[in-house]
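Chemist: the sequence and its predicted three-dimensional model are supplied below.
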Amino acid sequence: MSRQPFVAVAGNIAVGKTTLTKIIANRLGWRSFFESVDDNPYLSDFYGNMKRWSFHLQIYFLSKRFMTQREMASGDTPAVQDRTIYEDVEIFARSLHEMGNMSKRDWCSYKDLFAEMTSYLSKPSLILYLKASTDTLITRLKSRGRDYEKTVSPEYLHRLNMAYSRWVASAGDQLNIVPIETDGFNVFEDEEGVEEILATVRRECGLEQAKTVS
C-alpha cells in the first residue's frame, strides 16, 4: 500500500494554525494532529524563564512531533498536522540560541538529535506556511487570552517572523512549502479563501478528485 499524503500547517505563534488544521481535517475527512500545548509540562515555565527552560521545552516538542509524524505517515487515511518538526530546529531552537537563551552546548546537542531523528521520517507532502505581520500576531495573541502568553513580546514575535522567512527561503529545495498571507484572511468568513487552500492541498497531494466533506 502506498503512503498516504500528510500536510503540515506551519507559522508563528497565534497565526491560526490550529484553526486551519481543524478546517482541513473536517472538510476533507482527514486525521488531525495538534501541537501539545495545554498538557505541556514546560510551556508556562518557559515563558517565565526562557533561559532556564528553553532546552527542556524544545526536547519535549521534538519528541512529541517525532512520534506524531511517525504516526501520520503510517496511517491509511491522509493527515494534517498543526506545526512541523522542522520549525522546531530552524525557527524556535535556533532563535533561542541566537538570543542567548540556549547555550552553544545545548544547541549543538539538540541539532545532532534532530538530524538523527528526522533521518527516520518521511517528509510532508505539503507544508502550508501561514504568514502574518507582528501587529496581527499580537492582536490574535491577545484575543485568545492564554495567561502564559501574556509575557510574549513583540520583539520575540518579530524575530520568529524573520526566522520563518529565512527558513522558507532556504528549505524550498528540500520541502514543499506554500506561503499563505493571513493578515486580511478570516477563515471563518472567507469561504473563497478556504476553498483555494483546499484546492492547493488536493493539487499538491495528487488528490484533485477528492471531494470535500459536506
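Modeler: On my side now, so go ahead.

Chemist: run through the residues that contact residue 81.
Modeler: Residue 81 sits next to 6-9, 21, 32-34, 68-69, 72, 124 when contact means CB atoms under 8 Å, 6 or more residues apart in numbering. In short, each C-beta sits where N, CA and C put it, glycine included.

Chemist: tell me the secondary structure at it.
Modeler: Secondary structure, DSSP: H, G, I helix; E, B strand; the rest coil: residue 81 is strand.

Chemist: so which of the contacts of residue 81 belong to strands?
Modeler: The strands, defined by DSSP state E, take in 6-9, 32-33 from the contacts of residue 81.

Chemist: so which of those residues sits lowest on pLDDT?
Modeler: For these, the weakest pLDDT value sits at residue 6, with 91.

Chemist: mind listing what it touches?
Modeler: Here residue 6 is in contact with 69, 72-73, 78-81, 124-125 (criterion: CB under 8 Å, 6+ apart).

Chemist: same thing but at 10 Å, please
Modeler: Counting by CB atoms under 10 Å, 6 or more residues apart in numbering, residue 6 touches 30-31, 33, 68-69, 71-73, 75, 77-81, 122-126, 205.

Chemist: can you select the buried ones from those residues in PyMOL?
Modeler: Buried members of those, defined by 16 or more other CB atoms under 10 Å, are picked up in PyMOL with:
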select buried, resi 30+31+33+68+69+72+73+78+79+80+81+123+124+125+126+205
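
Chemist: just the contacts of residue 6: which are in helices?
Modeler: Secondary structure from DSSP state H places 68-69, 71-73 of those in helices.

Chemist: got the residues you listed as a markdown table, with distance to residue 48 and pLDDT columns?
Modeler: As requested, those are arranged in a markdown table below (distance: CB to CB, whole Å; pLDDT from 0 to 100):
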| residue | distance to residue 48 | pLDDT |
| --- | --- | --- |
| 68 | 26 | 90 |
| 69 | 29 | 89 |
| 71 | 31 | 89 |
| 72 | 32 | 87 |
| 73 | 35 | 82 |
